[in-house]
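A.B. asks: Generate a structure from the sequence data that follows.
(2 chains)
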Amino acid sequence: MKPLVVIGGGPAGYVAAITAARQGKQVTLIEQKDLGGTCLNEGCMPTKSLLASAEAYEKIKKAEQFGITIPLEQVKINWDGVQHHKTTIVKNLVRGIGYLMKKNSIKVIKGEASFLTNHRLSVRNENHVEEIEAEQFIIAAGSEPASLPFAPFDGKWIIHSKQAMSLPAIPSTLLIVGGGVIGCEFASIYSQMGTTVTIVEAADQLLPGEDADIAFTLQEELEKKGVAIYTSSSLTEMQPEDKTALFKHKEELHELQAEYALISIGRKPRVLGLGLEQVGVHFSKQGIDVNEHMQTNIPNIYACGDVVGGIQLAHVAFHEGTVAALHACGKDKSVNYRAVPRCIYTHPEIASVGMTEKQARSEYGDIRVGEFSFTANGKAMIANESVGKVKVIVEPQFNEIIGLSIVGSHATELIGQGTIMMHGELTTDIMEDFIAAHPTLSEAIHEALLQSAGQAVHS
Amino acid sequence: MAAEVVMPKLGMAMKEGTVSTWNKKVGDSVSKGDMIASINSEKIEMDIEAPQDGVILDILVQEDVGVPPGTIICYVGKPNEQLTEQNRSANELQAPKNEVAAAISLEEPPANTASSKKNKETVRISPIARKIAESENINIETIQGTGPKGRITKADVEKVLAERASESSPQTVERDNPAINKETLPVAGMRKVIASRMHNSLLNSAQLTINMKADVTDLLSLQREIKDVTQQRHKVKISLTDFIARAVVLSLQEHKQMNSAYIDNEIQLYNHVHLGMAVALENGLVVPVMQHAEKMSLVELATEIKTRAADARQGQLSTDRMQGSTFTITNLGAYGVEYFTPVLNPPETGILGVGATEDVPMYKGDELQKRNLLPLSLTFDHRVLDGAPAANFLGTIKQYLEQPILLLL
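C.D. replies: You can find the predicted model right below:
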C-alpha cells in the first residue's frame, strides 16, 4: 500500500480520502479544525438550517391564507432554539464524516500541514510538531472569507459569514456588503426573521453570475420584505466606533448605521502557510494551478476544491476530489464542468445550470429562449408560491439545451432535471413528448421547453 | 396493399446497407422483377427487384444513405394507393423484416453456428453529439467516446471536427499553391464498403501478424508432375494457390481455434471450412467463398476456386457465394510481395497472406541446394488465441506444403 496524505477534511478532502482508500491506498487526512470543512461547519449546512427556521416562521405567519387561524401575536422566534437546531444538525453531519473515515480506515490527524519537501510534511498541533512522509498528496485546504482591504474583520461589528450565522440574538439592523450568493442568503434569512437588512452591491444587479431578470425577481421579493438594495454602489468608509458605513450610490453619498456589517464579497483560496513555495507548487492569489486531472505542476501533488479557485461549490469539490484521488491511483480521470448546477437558497430560491441567457447570446449569437411562469402552475398557486419562472436556453441549430434557470419555490430541487438534461446532452426534440407528472412544479420546466419550440400549452 | 421493400441483410455481420442508385422514382410504374435499385454493403453490390406489379409510392431512403438491414427503403403499390399510418410507423420501429419483399434470399446463419444471436452492437452517443455528427457527416462508429462506458459526447465530436479542420488546413495551403495539383476521388460504392470494413476490423479486434517460410521445392516439382494429368483428366490446372488452399483447409481442421469467429463476446468454432479467397478487381476486391472446402479433394477445390474467381471478375458472383467464410487467404505473390500484414476479414479469426516464392541456396545436410521458399504471413485475432497455437497452425501449413504428397491424400 502506497501512502497518500490529504490536507483538509472538507468536501473535496474527505471525498478524495475515501476514494483513494477504496482504491487501496493507505490514507491519512490532516484537518486543523473539524471534519466537514466550510460546507458542514460554517457554510452550506448551517445556513440552510437557519433558512429552514426562517421559512417555518414565514409559513406559520401565512397560515391564515390556508384557512388556519393562529394567534399570531404569540408566534415568536426562539433564537436559542434556532441555533440549537443548527448545531445539532452540524454535529450529526460531522460525526457522520468521522464514521466514514473510520469505516474506510483513514487515519485522521488534527493539525496544520506544511510541505517540507515534495514527499514530506510537517503537521503542527498546538505545541506538538510531527513529520509525515507520503508518496502522494492531495491539497484540499479550502477557502476563507475575503475581507475589505480597508476594514478587516473584527468579529464585533465587521463580520464574515461564519460569524453571521452564530450571532447572540437576531439583530434589528444588518448591513450586507456584497449581494452575491452568501449576501443574498443572509438577507433572506434575517429579513424573514424581522431584521431590517440593507445590501450594498458593486455590480449593477444582485447575483452578478445569474441572468438579470432572474436576479431581479429575487430583488423584488427581498424588497417586499423590507430589504433595501443598492446596486452599482461602492463602500467608501467603515466606522466601527459608531457602527456606520458610508457608501456611494448614483454619485450620492449614503450613510448607514447597522448593528452588524456582514462582508460577503467572496472567498479566497487558502494558499498561504502550506509551504507551497518550499516545494515549488505553482499558485497565485486565485488558487493553486492544476491541470484537468487536478494535478499541480509537481506530479505527486494534487489540489482540489476551493483551494484551486474556479467554481467554489461543495458539489464541484466532491467531483474534483474524486477526480484527484482516482488520478492519483492511476486511473485516467479528468474533471467535467459541463453541467454544474448553481443553487441559491433564498426565498424564492434560485437555481441554474449551464449558460445564462447573456452568456449564451455572446457565445452563440442567436439563441431561443423558452419561459414559463409559476403564476400559471397549479401546484405553485396552491402553495401560494407562484412567484418566479423557469427559463430555458436553447441553441437553435441542433436544439441543444444549453442553459436552465429557475427562480421560485423548490428551484434547487427542480434544477436536478436541468442538470440531467445538460449532463446527458439532451436536445429539446427529445424532450417534446416527455411526460411530466401532474400536478407538479416540474411541469413548468416542460412547458418552458415546449415554449422554446413555440408549442407551450398552458401559457 | 402496398408492399414494403426493405434493405436486405446480406451477411451475418452486416450493419448497414446503402442504396447506391435508384433506377426508379416515385410514381414510376414497375413490373414484378424489375430492377428498382442497386444497393451495396459488405463487399457486395446488388440489385433490388420489384416484389410486385405497381408503382413506386414512396422512397424512404435516399441514395448514399446507409440504413440498417430491415429498414423499409420504398413502397410498391397500386397507383394512388394511400400509405397507412401503420406502413409509416413500421420503419420507426425498425423491426427487422425478414420477409423481404424484394426477391432476395436472406442469408441464414451458418449451419453450425453455435449461437444465432444477431450482432446488435449499438453506439453509445448523446443526442446532441449524434445530431452534430450527422450534420457534419461523421460516421459515429469511428468516434472514440470518452463518456461513461465509452459514450460519445459533444466534446468527442467537436474533437473530431477540430482534427478534421486541422487536417484540412494544409489543403488550403495547397489550393493557394498552383504547383500542387491534386485529384479528389469520392469514397463511394465498393471503396466505401472496403474502407469501412477494414477500418472496423482494425478498430474492433486485436490482430497481429506472424511470418514463416515454407520450402515448396518438392511441392513445385509435384505440381509439374501432375499438371498434365489433371489438365487431361479433370480439365483443370492445379496452381500453387490451390495447393496452399488445400494445405490451409487441412490445417484448419487440425486447429479449430483458427477456424472461428469472435461474435458478441463469444468465440464460435466451426466444424466446416468455408474458405474465402481474396480476388482483386479493377475497382476493389471481393472474397468468393468455397463452401465446405473440407469436403473437397484437391482437384475439386481447384475447380471451385477457378470458377468462383472467374465469376467474381465478371461481377457474376451471387451473394451467397460471398458470405459465411470462416478463414481467408490473400495472395500478393504475383505482385512480387514477400511478407505483408493482411487485415482480418471480420468476424474471422485468421487470414493467411501468401507472398512470392524465391529461389535461395540452402544447405540440405552438407550439400548446398537451390530451394524455393514461400513466405507466409498469418494475421490472427489475439482475443481468440495466443501466439503459440497460432504459430503451431502456421507450422502445420508449412508441414503440409513441405510434404506435398499429404495434400493429395
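A.B. asks: near chain B, which residues of the stretch 351-459 of chain A show up?
C.D. replies: Contact residues, the stretch 351-459 of chain A versus chain B (C-beta under 8 Å from any C-beta of the partner chain): A:397, A:398, A:399, A:400, A:424, A:425, A:426, A:427, A:430. All C-beta spots, glycine's among them, are computed from the backbone N, C-alpha and C.
A.B. asks: Tell me the one among the residues you listed nearest to chain B.
C.D. replies: Using C-beta to the nearest C-beta, residue A:425 is the member of those that lies nearest chain B, at 3.4 Å.
A.B. asks: State which helix of chain A is the longest.
C.D. replies: Longest helix in chain A, counting residues (DSSP state H): helix A:79-103.
A.B. asks: chain center to the helix or strand following that helix: distance?
C.D. replies: Per DSSP states H and E, the first helix or strand lying C-terminal to helix A:79-103 is strand A:107-110. Offset of strand A:107-110 from its chain centre (C-alpha atoms, centre = their mean, to the nearest Å): 27 Å.
A.B. asks: Kindly format the C-alpha coordinates of strand A:107-110 as CSV.
C.D. replies: The C-alpha trace of strand A:107-110 is given here as CSV (Å, rounded to 0.1, in the frame of the first residue of the first chain):
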residue,chain,number,x,y,z
LYS,A,107,-6.2,8.0,9.8
VAL,A,108,-7.2,11.5,10.8
ILE,A,109,-4.6,13.8,12.3
LYS,A,110,-5.6,17.2,13.8
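A.B. asks: packing partners for that strand?
C.D. replies: Under the contact criterion of 3 or more C-beta pairs under 8 Å, 6 or more residues apart in numbering or on different chains; DSSP states H and E, strand A:107-110 touches strand A:26-31, strand A:120-125.
A.B. asks: measure residue A:251 to residue A:208 for me?
C.D. replies: 21 Å (C-beta to C-beta, to the nearest Å).
A.B. asks: which one of those two has more residues nearby?
C.D. replies: More crowded of residue A:251 and residue A:208, by other C-beta atoms under 10 Å in any protein chain shown: residue A:208, with 15 against 5.
A.B. asks: Now the residue nearest to that one when sequence neighbours are not counted: phi and psi?
C.D. replies: The shortest distance from residue A:208 to any non-neighbouring residue, by C-beta to C-beta, 6 or more residues apart in numbering or on different chains, is to residue A:180 (6.9 Å). Torsion angles at residue A:180 (phi, psi; degrees, to the nearest 10) stand at phi -90, psi -160.
A.B. asks: doesn't residue A:207 make contact with residue A:180?
C.D. replies: Yes - the pair residue A:180 / residue A:207 is scored as a contact, 6.4 Å apart, by C-beta atoms under 8 Å.
A.B. asks: Compare those two and say which one has the larger neighbour count.
C.D. replies: residue A:207 (25 against 21).
A.B. asks: Quote the end-to-end distance of stretch A:206-218.
C.D. replies: Stretch A:206-218 has its terminal residues 8 Å apart, counting by C-alpha to C-alpha, to the nearest Å.
A.B. asks: Residues contacting it, please?
C.D. replies: The set of residues external to stretch A:206-218 that reach it, using C-beta atoms under 8 Å, 6 or more residues apart in numbering or on different chains, is A:179-181, A:183-184, A:199, A:201, A:205, A:219, A:222, A:229, A:231, A:342, A:344, A:346, A:348, A:350, A:352, A:356-358, A:387-389, A:391, A:405, A:407.
A.B. asks: hmm, back to that, show me how far the longest helix of chain A is from its chain's centre.
C.D. replies: The chain centre lies 19 Å from the centre of helix A:79-103; the measure is C-alpha atoms, centre = their mean.
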